[in-house]
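K.L.:
next one to model:
(4 chains)
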Protein chains: 2
Amino acid sequence: MLKYKSLYHSLKKEIQQGTFIPGDLLPSENELCDQHQITRTTARKALDELQREGFIERLHGKGSQVRERRKSLGLLNVKGFSEAVGQQVDAIMLQAPDYRGWSDRIQFPVKENEQSASCIHFERLRCVNEEPVMLENNWFASTALPNFCQLGFVDGSFFKTLSQCFFIEIVGSEQEIRAEVASSEVARLLRILPGDPVLHISICFSTSHSSLTIYSELYCNTTQYPIGNSYHL
Amino acid sequence: MLKYKSLYHSLKKEIQQGTFIPGDLLPSENELCDQHQITRTTARKALDELQREGFIERLHGKGSQVRERRKSLGLLNVKGFSEAVGQQVDAIMLQAPDYRGWSDRIQFPVKENEQSASCIHFERLRCVNEEPVMLENNWFASTALPNFCQLGFVDGSFFKTLSQCFFIEIVGSEQEIRAEVASSEVARLLRILPGDPVLHISICFSTSHSSLTIYSELYCNTTQYPIGNSYHL
DNA sequence: TAGTGGTCTAGACCACGCC
DNA sequence: GCGTGGTCTAGACCACTAG
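P.N.:
Residues are numbered from 1 along each chain as shown, chains lettered A, B, ... in the order given. Predicted structure coming up:
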């Protein structure tokens, strides 16, 4: 293993596990050099990567500070849906994680090696001010996440659970976005009329665990809260 | 000016101007060191940045190759709309660039210092297989782009024109996405029925020129061609 | 003033591509 | 075999923060 990658993974894991929490300062670059028998160039390369991925912020004269991770990932982001609408969001679990077959509602083609695995599915309704704004369905192969159905969600967040319980991070996504008319089922849950326009977002998340892909189908009522995101170089 | 930034800007400008075109190899790292009296560490820092921004690709054992720039920028990307729908796209100019007032159709607040400047607007219709799929409206302050209305578009691309004629790059964006019912005007142009669902995307692009912000309002018929994008760490 | 991160130098060895 | 990019070392000086 390359030295800078080794340090990078070691620091990232400590952040994910909570050894360092947001606001903490990591060991200084010189301390890291001593601890790992490397030069500053190598230590900085690891820190550069953590910085780009949003895990830390470098403060000139102070140190490297752990941040809330909120890098944008396409439409949504690693922190999840609440930032995309910019409001406090409650989640109601309509269907707790359970073993189901792969659904034909999934818009992206399910990878062949995953089709043979059993599939975990859960469905949530996201509300802002008690008003339902998004219906969320997720599917993924159960092989990568043993005992997932027995676990609770960390802070109600699926991504946080992946990170803190399984050390799995989202590393990429593909999305398709459509404006559709609401089906009677979607309309009932979002408390709108069948035929009203809804935003339909299909996402295929790739993760740091090669055998885990997450398929999501989201239906949003955007009349009150449009989906927002931003990007900066 | 820092040495690595100076080299970075110099190489980027040569790529934008066409001194190096996609497929070309930049001077090797050692050549850059000789030419600019710097060490490889410094040269590599400049190249690292160009690589992250998608201008070049590093080929181990070969060199640094200039790429078509296609980094994703939120929903759309710097190459523009054609990649988002993944098809060949024709553009019909409905309203050529002209001086107009700032429109109240712009969803993002126009910056105060821009409100007093005169505003250039143009409107295009994007078609796939002769079918209209997106109506595009753009507004921006004329101060940053003298003579813009007299210029033609490079390869029919607004972003390419900004880069090659003004050396201005898109560096960030904010977006809001909504599913709406089509107004009679939008429906007529997209050849759908008033009341059909359309995807409404509002974008505010920030650029490398501090006094230029681009405001876009897009209306998409996503029945045939959903808007796609992907993101990778 | 001591410690931190930001920049830069002048080397070294390696793996990869191509001839 | 030679040149390329990828990794790494062991220093140096600077600007910034904080006690």
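K.L.:
count the residues that sit near the closest residue to A:L47 other than its chain neighbours.
P.N.:
Of all residues not flanking A:L47 in the chain, A:S64 sits nearest, at 5.7 Å (CB to CB, 6 or more residues apart in numbering or on different chains). The C-beta positions use only the backbone N, C-alpha and C, and glycine is treated the same way. For A:S64, the neighbour count with other CB atoms under 10 Å in any protein chain shown is 24.
K.L.:
equivalent analysis for A:E68, please.
P.N.:
12.
K.L.:
pop out the phi and psi values for whichever residue of chain A sits closest to DNA strand D.
P.N.:
In chain A, the residue found nearest to DNA strand D is A:G61; the distance is 2.4 Å by CB to the nearest atom of the strand. With angles defined as degrees, to the nearest 10, A:G61 sits at phi 90, psi -10.
K.L.:
thinking again about what came up before, hey, what's the residue nearest to A:L47 bridged with?
P.N.:
Judged by DSSP bridges, the bridge partners of A:S64 are A:R58.
K.L.:
against DNA strand C, how distant is A:Q150?
P.N.:
Distance, A:Q150 to DNA strand C, using CB to the nearest atom of the strand, to the nearest Å: 40 Å.
K.L.:
picking up where we left off before, do I have it right that the residue nearest to A:L47 meets A:I56?
P.N.:
Yes: taking CB atoms under 8 Å as the definition, A:S64 is a contact partner of A:I56 at 4.8 Å.
K.L.:
so for those two, which residues contact both of them?
P.N.:
A:L26, A:L47, A:L50 (CB atoms under 8 Å, 6 or more residues apart in numbering or on different chains).
K.L.:
any idea whether the second one is helix, strand or coil?
P.N.:
So the one you mean is A:L47. helix (DSSP: H, G, I helix; E, B strand; the rest coil).
K.L.:
so what's the residue count around it?
P.N.:
Should you count by other CB under 10 Å, A:L47 turns out to have 22 residues around it.
K.L.:
just to revisit the earlier point, confidence score at the residue of chain A closest to DNA strand D?
P.N.:
Looking at A:G61, its pLDDT reads 94.
K.L.:
count of neighbours near it?
P.N.:
Residues near A:G61, counting by other CB under 10 Å: 4.
K.L.:
same check on the one 4 residues further on?
P.N.:
One way to gauge burial is a neighbour count; for A:Q65, by other CB under 10 Å, it gives 15.
K.L.:
so what's it closest to, chain neighbours aside?
P.N.:
A:E57 is the one closest to A:Q65 (CB to CB, 6+ apart), at 5.0 Å.
K.L.:
one more: A:F122?
P.N.:
A:P97 (4.3 Å).
K.L.:
got the domain ranges for chain A?
P.N.:
Listed by automatic domain parsing, the domain ranges of chain A are A:3-66, A:72-220.
K.L.:
and the ones you listed, which one's lowest on average pLDDT?
P.N.:
domain A:72-220 (a mean of 83).
K.L.:
biggest helix in chain A by residues?
P.N.:
helix A:3-17 (DSSP state H).
K.L.:
from the rest of the structure, what touches that helix?
P.N.:
For helix A:3-17, contacts defined as CB under 8 Å, 6+ apart pick out A:20, A:26, A:32, A:36, A:38, A:42-43, A:45-47, A:49-50, A:55-56, A:66, A:163-164, A:167, A:169.
K.L.:
what comes up buried for that helix?
P.N.:
A:Y4, A:L7, A:Y8, A:L11, A:K12, A:I15, A:Q16 (16 or more other CB atoms under 10 Å in any protein chain shown).
K.L.:
cool, stretch A:28-44 as well?
P.N.:
Neighbour-count burial for stretch A:28-44 flags A:E29, A:L32, A:C33, A:H36, A:I38, A:T42, A:A43, A:R44 (criterion: 16+ other CB under 10 Å).
K.L.:
just those: which are in strands?
P.N.:
Judged by DSSP state E, strands contain none of these.
K.L.:
from the residues you listed, which is closest to A:G195?
P.N.:
When the buried residues of stretch A:28-44 are compared for distance to A:G195 (CB to CB), A:R44 comes out closest, at 56.8 Å.
K.L.:
how close does the residue lying closest to the closest one once chain neighbours are set aside get to chain B?
P.N.:
Leaving aside its sequence neighbours, A:R44 sits nearest to A:E29 (CB to CB, 6+ apart; 6.2 Å). Relative to chain B, A:E29 is positioned 16 Å away (CB to the nearest CB, to the nearest Å).
K.L.:
again, but for A:V154
P.N.:
21 Å.
K.L.:
what of A:L94?
P.N.:
Noted for A:L94: a distance of 21 Å to chain B, by CB to the nearest CB.
K.L.:
show me the contacts for that residue.
P.N.:
If you count contacts by CB under 8 Å, 6+ apart, A:L94 has them with A:E123, A:R124, A:L125, A:L189.
K.L.:
partners of the helix or strand harbouring it, with directions?
P.N.:
Here A:L94 sits within strand A:90-100, counting by DSSP states H and E. As defined by DSSP bridges, the strand partners of strand A:90-100 come to strand A:119-128 (antiparallel).
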